[in-house]
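> This is a predicted model, with the sequence first.
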Amino acid sequence: MITRQAILYAICLFILAGFSACAAPNEIAPTPTPPPAAPMPAVNSAPSPVPTATPLDCLTGAGRVQADVVATTRPQQEFIIYLPPCYEYFTERYPVLYLLHGQTYNEDQWLRIGAATTADELIHDGETAPFIMVFPDDRYWNAPAGAEFGARLIYDLIPYVDAHYRTRADRKYRALGGLSRGGGWTAKLGFDHPELFGALGLHSPALFKDNAPYLESIIKNIPEKDQPKLWHDIGDADTELGNSLLFEKMLTENNYLHNFHRFKGDHTEHYWSAHVELYLRWYARVWREYSAEQ
């Protein structure tokens, strides 16, 4: 169903929607040169102010990036949230994408590689419908609290975000993705909870080796109609390539439909920033496909 917001975007910007083609599965495609780094958007800690811009003005402005925290967990679960342009002016609910950072980094990693600025551009160009992004902090990865990150995300963060922001609280419109260690968490949590996520993105995943047999048994037990749509990419010079290829083999042997891409590149932010637009286009396309099924 075409929303009032989508109509307003089309009228104001006169741009047709469209999506770039992805590389063919298993093909080694060249890594695109990332655009010059844009300044990372400022993270606001205060509540959203009463808007003063007109709706037309907000259509050309940036989405709002602000910090928030689930104070009921121990430790408190901090996160950054991206709200799309014009969020304050509409009552619609939005798809939500949870993006997990890599080991030794924190919740601003996806912002530094361009997730927010890329989302702004795609939304302003009419190439994707507006959506929300959530960047949880996993700073305790090397402390005892790090092992409980998954439980905090599933049982505390997701309910908090659905209660405090206008998300579409439906698995089809909730996606989970991650870089490196965040990709490992995505595989574990996503296959463990297919009732929560309609799409999973494994971007250069550092797959948890001890979980390999467990993941295969879980995947075998997910009915095909309930399987989250899956994207898996990695660079051809990535140190995690061997484990990723074994995981890819396991998916294929178990007839799990998915997108696999092996691009030129290694396990660095240069690689991820070069592909962040491709990632966001894929998540948006999945939401569009789910909408078309209704």
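Right, received. Where do you want to start?
> I'd like the next helix or strand past the helix or strand residue 152 falls within.
Using DSSP states H and E, residue 152 maps to helix 149-152. Sequence-wise, the next helix or strand downstream of helix 149-152 (DSSP H and E) is helix 158-164.
> can you list contacts of that next one?
68, 70, 81, 96, 98, 132, 134, 167, 169, 174, 196 (C-beta atoms under 8 Å, 6 or more residues apart in numbering). Quick note: C-beta positions are derived from backbone N, CA and C, even for glycine.
> Among the residues you listed, name the buried ones.
In the contacts of helix 158-164, burial by neighbour count holds for 68, 70, 81, 96, 98, 132, 134, 167, 174, 196, counting by 16 or more other C-beta atoms under 10 Å.
> what's the helix holding residue 152 packed up against?
Secondary-structure packing of helix 149-152 (3 or more C-beta pairs under 8 Å, 6 or more residues apart in numbering; DSSP states H and E): helix 181-192.
> From the chain's centre, how far out is the helix it packs on? Work that out for me.
In terms of C-alpha atoms, centre = their mean, to the nearest Å, the centre of helix 181-192 is found 12 Å from the chain centre.
> Name the residues of that helix that are buried.
Buried-residue list, helix 181-192, by 16+ other C-beta under 10 Å: 181, 182, 183, 184, 185, 186, 187, 188, 189, 190, 191, 192.
> just checking, what packs against it?
strand 96-100, helix 149-152, strand 174-179, strand 199-203, helix 212-220.
> any chance of the ones you listed in CSV, plus distance to residue 60 and mean pLDDT?
Listed next are the helices and strands packed on helix 181-192 as CSV, based on distance: least, C-beta to C-beta, whole Å; pLDDT from 0 to 100:
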stretch, distance to residue 60, mean pLDDT
strand 96-100, 23, 98
helix 149-152, 37, 96
strand 174-179, 26, 98
strand 199-203, 29, 98
helix 212-220, 44, 87
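> Take the ones you listed and write them to a markdown table, including distance to residue 289.
Shown next, in a markdown table, are those (distance: least, C-beta to C-beta, whole Å):
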| stretch | distance to residue 289 |
| --- | --- |
| strand 96-100 | 15 |
| helix 149-152 | 27 |
| strand 174-179 | 12 |
| strand 199-203 | 10 |
| helix 212-220 | 21 |
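> Make TSV from the buried residues of helix 181-192 and add distance to residue 157 and pLDDT to it.
Shown next, in TSV, are these (distance: C-beta to C-beta, whole Å; pLDDT from 0 to 100):
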residue	distance to residue 157	pLDDT
181	17	94
182	14	96
183	18	96
184	18	93
185	12	95
186	14	97
187	18	95
188	16	93
189	11	96
190	15	97
191	18	96
192	15	95
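> out of the residues you listed, which one sits closest to residue 265?
For the buried residues of helix 181-192, the residue nearest residue 265 by C-beta to C-beta is residue 183; the value is 14.6 Å.
> List the contacts of that closest one.
Applying C-beta under 8 Å, 6+ apart to residue 183 gives the contacts 100, 177, 201, 202, 203, 204, 205, 206, 207.
> go on, residue 267?
By C-beta under 8 Å, 6+ apart, the contact list for residue 267 reads 180, 204, 235, 238, 239, 240.
> Report pLDDT for it.
Predicted confidence (pLDDT) at residue 267: the value is 97.
> ok, now the one 4 residues further on?
Looking at residue 271, its pLDDT stands at 98.
> again with residue 104
87.
> how close does residue 283 get to residue 293?
Computed as C-beta to C-beta, to the nearest Å, the residue 283 to residue 293 distance reads 16 Å.
> hmm, I was thinking of residue 167
For residue 167, the distance to residue 293 equals 20 Å [C-beta to C-beta].
> quick one on the thing from earlier: would you turn the contacts of residue 183 into CSV with distance to residue 76 and neighbour count?
Output for the contacts of residue 183, formatted as CSV (distance: C-beta to C-beta, whole Å; neighbours: other C-beta atoms under 10 Å):
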residue, distance to residue 76, neighbour count
100, 17, 30
177, 23, 27
201, 26, 30
202, 28, 29
203, 27, 25
204, 29, 28
205, 27, 28
206, 25, 23
207, 28, 21
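> Could you list the low-pLDDT ranges of the stretch 151-294 of the chain?
208-211 (pLDDT under 70).
> Now do the strands in the protein.
For the chain, applying DSSP state E gives strands covering 28-29, 64-70, 77-83, 96-100, 132-136, 174-179, 199-203, 229-235, 259-263.
> CSV for those, including distance to residue 126?
Shown next, in CSV, are the strands of the chain (distance: least, C-beta to C-beta, whole Å):
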stretch, distance to residue 126
strand 28-29, 26
strand 64-70, 20
strand 77-83, 18
strand 96-100, 19
strand 132-136, 18
strand 174-179, 21
strand 199-203, 21
strand 229-235, 23
strand 259-263, 24
